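Trainee: return a 3D structure for these sequence lines:
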Amino acid sequence: MLPEIAVVPIDSDVPMKQESLIGCGVMTGVGAAINTARVQPGTTVAVFGCGGVGLNCMQGAAIAGATTIIAVDLLDNKLEMASEFGATHTVNASQDDPVARIKELTGGQGVHYAFEAIGLVEAPFVQSLLCTRSRGVTVWVGHAPPLNTKVTIDAQDLIMEKTVIASMYGSARPQIDFPRLLTLYKAGKLKLDELVSRRFPLEEVNTAFEVLSRGEVARSVLTFD
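Mentor: Predicted coordinates:
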């Protein structure tokens with residue numbers, strides 16, 4: 001039994017493997033851009049992390065009308081994925097200073113919006129703030145471990161009226177946002193098919209986690225058939 005508030009009716013004309021993505025990474029990433037940050041048309045965006053959540057931050061930014069979307073990751077294969085999901089530029093943080101490169105790509109000003117979509121270590125949190133321009137918005141989407149993930153910033157890094165905000169589940173309103181996302185998918189404006197890199201039967205769940213940890217997939221789907 002489920003409480004009524006936990007059930008969201010959706011149309012049955014979308015395949016289940018695509019529908020299954022809406023309830024987690026898609027909502028978290030797209031929602032961070034369109035609900036939490038409220039990205040405006042014609043703006044510039046940087047996204048740190050090209051996993052399932054980061055790719056959807058890019059999709060959300062593109063849907064909102066951002067014209068420059070810069071993807072940052074350590075792996076070239078993840079950056080290649082980013083180019084399919086709206087990134088106009090890519091930065092390999094293992095080879096270049098991402099803050100310096102983002103400022104170079106934005107005429108020295110930094111981006112209007114930056115999204116941290118990793119949540120594991122301090123550096124991307126700080127870098128996402130440093131690459132944001134005056135009066136820009138930095139959104140921390142990645143969920144850090146529950147203890148001892150300290151982030152140290154200088155007060156001067158905020159002095160130019162920058163805003164740092166966390167996004168929980170893309171500021172979701174499931175009854176509104178889930179049908180909205182599926183409508184965008186059916187209109188060809190939201191990529192869900194491309195997010196499903198691999199499918200695994202339930203008994204291979206450990207393999208699915210292994211390929212995810214190696215950064216080989218955008219999203220895997222477990223099947224019960």
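Trainee: from now on I want contacts and neighbour counts done on CA atoms only, so please keep to that.
Mentor: Will do.
Trainee: any regions of this protein where pLDDT drops low?
Mentor: 225 (pLDDT under 70).
Trainee: centroid residue for it?
Mentor: residue 54 (2.5 Å; C-alpha atoms, centre = their mean).
Trainee: could I get the contacting residues of it?
Mentor: Listed by C-alpha atoms under 8 Å, 6 or more residues apart in numbering, the contact set of residue 54 reads 29, 47, 48, 115, 116, 117, 118.
Trainee: if you rank those by neighbours, which is first?
Mentor: Within the contacts of residue 54, residue 115 tops the neighbour count with 34 neighbours, counted by other C-alpha atoms under 10 Å.
Trainee: now stretch 32-51 - C-alpha only, PDB.
Mentor: Extracted as PDB, the C-alpha positions of stretch 32-51 are listed here (Å, rounded to 0.1, in the frame of the first residue of the first chain):
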ATOM      1  CA  ALA A  32      18.200  21.700 -10.600                       C
ATOM      2  CA  ALA A  33      18.400  23.800 -13.800                       C
ATOM      3  CA  ILE A  34      14.800  24.700 -14.400                       C
ATOM      4  CA  ASN A  35      13.400  24.700 -10.900                       C
ATOM      5  CA  THR A  36      16.200  25.500  -8.400                       C
ATOM      6  CA  ALA A  37      18.400  27.800 -10.500                       C
ATOM      7  CA  ARG A  38      15.700  28.900 -12.900                       C
ATOM      8  CA  VAL A  39      18.300  29.200 -15.700                       C
ATOM      9  CA  GLN A  40      17.400  32.000 -18.100                       C
ATOM     10  CA  PRO A  41      17.500  32.000 -21.900                       C
ATOM     11  CA  GLY A  42      20.800  33.300 -23.400                       C
ATOM     12  CA  THR A  43      22.900  32.600 -20.300                       C
ATOM     13  CA  THR A  44      26.100  30.600 -19.700                       C
ATOM     14  CA  VAL A  45      26.300  27.400 -17.600                       C
ATOM     15  CA  ALA A  46      29.000  25.100 -16.300                       C
ATOM     16  CA  VAL A  47      28.400  21.600 -15.000                       C
ATOM     17  CA  PHE A  48      30.900  19.700 -12.900                       C
ATOM     18  CA  GLY A  49      30.400  16.000 -13.400                       C
ATOM     19  CA  CYS A  50      29.100  14.200 -16.400                       C
ATOM     20  CA  GLY A  51      27.300  11.300 -14.800                       C
END
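Trainee: can you tell me which residues contact residue 42?
Mentor: Counted by C-alpha under 8 Å, 6+ apart, residue 42 has contacts 65, 66, 67, 68.
Trainee: cross these against strands and list the overlap.
Mentor: If you go by DSSP state E, the contacts of residue 42 have residue 68 in strands.
Trainee: a markdown table for the contacts of residue 42, including neighbour count and distance to residue 159?
Mentor: Converted to a markdown table, these look like this (neighbours: other C-alpha atoms under 10 Å; distance: C-alpha to C-alpha, whole Å):
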| residue | neighbour count | distance to residue 159 |
| --- | --- | --- |
| 65 | 16 | 28 |
| 66 | 22 | 25 |
| 67 | 17 | 26 |
| 68 | 21 | 25 |
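Trainee: want to try JSON lines for the contacts of residue 42, with distance to residue 166 as columns?
Mentor: Below are the contacts of residue 42 laid out as JSON lines (distance: C-alpha to C-alpha, whole Å):
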{"residue": "65", "distance to residue 166": "22"}
{"residue": "66", "distance to residue 166": "20"}
{"residue": "67", "distance to residue 166": "23"}
{"residue": "68", "distance to residue 166": "22"}
